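# I would like to see how this sequence folds:
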Amino acid sequence: MNTGLATALRSAALLALCLSLAAVASAQVKPELRQRADRGDPEAQFTPGYMHVTGDGAPLDLAAVSAWFRRAAEQGFAEALHWFRRAADQGVAVA
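Here you go, the predicted model:
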């Protein structure tokens, strides 16, 4: 299969998954978690990004996913770095 086509298909599949998850997401990130994240706790910074990408407790927001993962990854939080790179490979991460 053509590399460009394979990349496009993976991106389309990721987008379809994210959109389907967004349909069931309705709650927002809890204020306590947001406060910890704003104070620089890398695990607390990773969690809202994960919630935004899975639709578990937060609505789908790809810009928020990238921003939260980047903040945690910049502090060396390995799981955030993994997910940030994975999102970037799929064309989801923003600068």
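
# low-scoring stretches of the protein, by residue?
1-29, 92-95 (pLDDT under 70).

# What segments of this protein are helices?
3-22, 31-38, 42-54, 62-74, 78-89 (DSSP state H).

# what's the burial count for Phe46?
Residue neighbour count, defined by other CB atoms under 10 Å, stands at 24 for Phe46. C-beta coordinates here come from the backbone N, C-alpha and C atoms, glycine included.

# Would you agree it is in contact with Val65?
No: using CB atoms under 8 Å, Phe46 makes no contact with Val65, being 10.5 Å away.

# quick one: His52 from Ala67, how far?
From His52 across to Ala67, the span is 9 Å (CB to CB, to the nearest Å).

# Between the two, which is the more surrounded one?
For His52 versus Ala67, neighbours defined as other CB under 10 Å are more numerous around His52 (27 against 18).

# which residues does the more buried one contact?
29, 58-62, 64-65, 68 (CB atoms under 8 Å, 6 or more residues apart in numbering).

# ranking the residues you listed by neighbours, who comes first?
In terms of neighbour count, Trp68 stands highest of these at 27 neighbours, by other CB under 10 Å.

# and the residue lying closest to Glu79 once chain neighbours are set aside, what does it touch?
Of all residues beyond its chain neighbours, the one nearest Glu79 is Phe46 (6.1 Å), with distances taken as CB to CB, 6 or more residues apart in numbering. Neighbour list for Phe46: 68-69, 72, 77, 79-80, 83 [criterion: CB under 8 Å, 6+ apart].

# go again using 10 Å as the cut-off
Phe46 makes contact with 37, 68-69, 71-73, 75, 77-81, 83-84, according to CB atoms under 10 Å, 6 or more residues apart in numbering.

# Taking the residues you listed together, which two end up most distant?
Farthest pair in the contacts of Phe46 (CB to CB) is Ala37 and Ala78. Separation: 17.1 Å.

# Could you export stretch 75-87 as CSV, CA atoms only?
In CSV, the C-alpha atoms belonging to stretch 75-87 read as follows (Å, rounded to 0.1, in the frame of the first residue of the first chain):
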residue,chain,number,x,y,z
GLN,A,75,8.5,17.9,32.3
GLY,A,76,9.7,14.4,31.3
PHE,A,77,6.4,12.5,32.1
ALA,A,78,7.1,9.4,29.9
GLU,A,79,3.5,8.4,29.2
ALA,A,80,2.7,12.0,28.0
LEU,A,81,5.7,12.0,25.7
HIS,A,82,4.6,8.6,24.3
TRP,A,83,1.1,9.9,23.6
PHE,A,84,2.3,13.3,22.3
ARG,A,85,4.6,11.5,19.8
ARG,A,86,1.8,9.1,18.8
ALA,A,87,-0.6,12.0,18.2
